[in-house]
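> Pasting the sequence and the predicted model now:
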Amino acid sequence: MLDSGNLVLATQNSVYLWECFNRPTDTILPTNTIGRLGKLVARYSETNYSNGRFQFSLQSVGNLMLQTIDFPLDSANSNYWSCETVGSGFPVVFNQSGSIYVAAVNESILKMISSNAGSTQDFYTVILEYDGVFRHYVYPEGHNISNSTSWPLDWIPMSNFIPSNICSDITEGTGGGACGFNSYCQLGDDQRPQFRKKKKKIL
C-alpha cells in the first residue's frame, strides 16, 4: 500500500503487475487519473456496494459525463451533466493539490472540475455517490488528536457538488428521475435528494 492509497502488486524490481488505481470503483484519490473509456460507477445505496444507477465516464471522444445507467443492465441510459470537452479531453487528473480537471494530450488544463485552496497537508477524496452526485471531500491529515479537544469525525464535503441540484437535472421522460420510478425528489438540508412517493389519484 503506497502513501497515495494505491494498492499495488509489484515485483522485487518495483515493476507494478497490478494496481487498484487502474480499476477505480466509485472513488478516486490524489495522483489518480481516469483515461478515455474509464469510469466510476456509483454504489447502489448507502450500505449496498454493488453497482448502482449512475456513472462518471470519460467518453472515447474526450467528453467527461455523468450518466444514468439502465439498471440492472450495465449500459448508459441518459446524460445529466457534461464538461463539454468533446474532441479534446484526454485524461481526468486528480493532482496532489486537490484539484480535479480534464487535461489535453499536452497535459494542459482544459476544464477545471473541482479545486481546493486549502492546505496541501489535507487529504482529499472524490466519490460518485449512490445518489448520483459527484462530491469532493477533504479531511485534515495533519490534525493532531493529542493537541485538540475537537477531533473531526467526518470528511468535510466541499460546496461544488456536480450537479448542484440533481433533482432538477435528472428529468427522464420514462419517469425514473433522480429518485427512481413513481416518485419525486427534493434536496434536503444536507443537500441530498429525498424522495417521496407519488400519491395515487382517487377517482
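Done, it's in.
> Which stretches in the protein count as helices?
Ranges of helices within the chain are 166-169, based on DSSP state H.
> any idea of the pLDDT on the residue nearest to Leu17 when sequence neighbours are not counted?
Distances taken as Cβ to Cβ, 6 or more residues apart in numbering place Leu9 nearest to Leu17, at 4.8 Å, with adjacent residues excluded. (C-beta placed from N, C-alpha, C; glycine too.) For Leu9, the pLDDT comes out at 92.
> dump the residue contacts of Leu9.
By Cβ atoms under 8 Å, 6 or more residues apart in numbering, Leu9 lies in contact with 16-19.
> want to try TSV for those residues, with pLDDT, distance to Met65 and neighbour count as columns?
Below are these laid out as TSV (pLDDT from 0 to 100; distance: Cβ to Cβ, whole Å; neighbours: other Cβ atoms under 10 Å):
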residue	pLDDT	distance to Met65	neighbour count
Tyr16	89	29	13
Leu17	90	31	8
Trp18	88	28	10
Glu19	87	25	13
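> And the furthest pair within these?
For those, with distances taken as Cβ to Cβ, the pair at the greatest spread is Leu17 and Glu19 (8.4 Å).
> Let me see the contact set for the residue sitting nearest the centre point of the chain.
Closest to where the C-alpha atoms of the chain average out (Cα atoms, centre = their mean) is Leu128, at 2.8 Å. The contact partners of Leu128, by Cβ under 8 Å, 6+ apart, come to 26-27, 40-42, 54-56, 66, 134.
> Distance of Ile34 relative to Val138?
Plainly put, Ile34 is 20 Å away from Val138 if you go by Cβ to Cβ, to the nearest Å.
> Looking at these two, which one has more neighbours?
Between Ile34 and Val138, counted using other Cβ atoms under 10 Å, Ile34 has the larger neighbour count: 22 against 17.
> beta partners for that one?
Per DSSP bridges, the residues bridged to Ile34 are Val92.
> Gln59 is in contact with that one, correct?
No. Counting by Cβ atoms under 8 Å, Ile34 stays clear of Gln59, with 11.3 Å between them.
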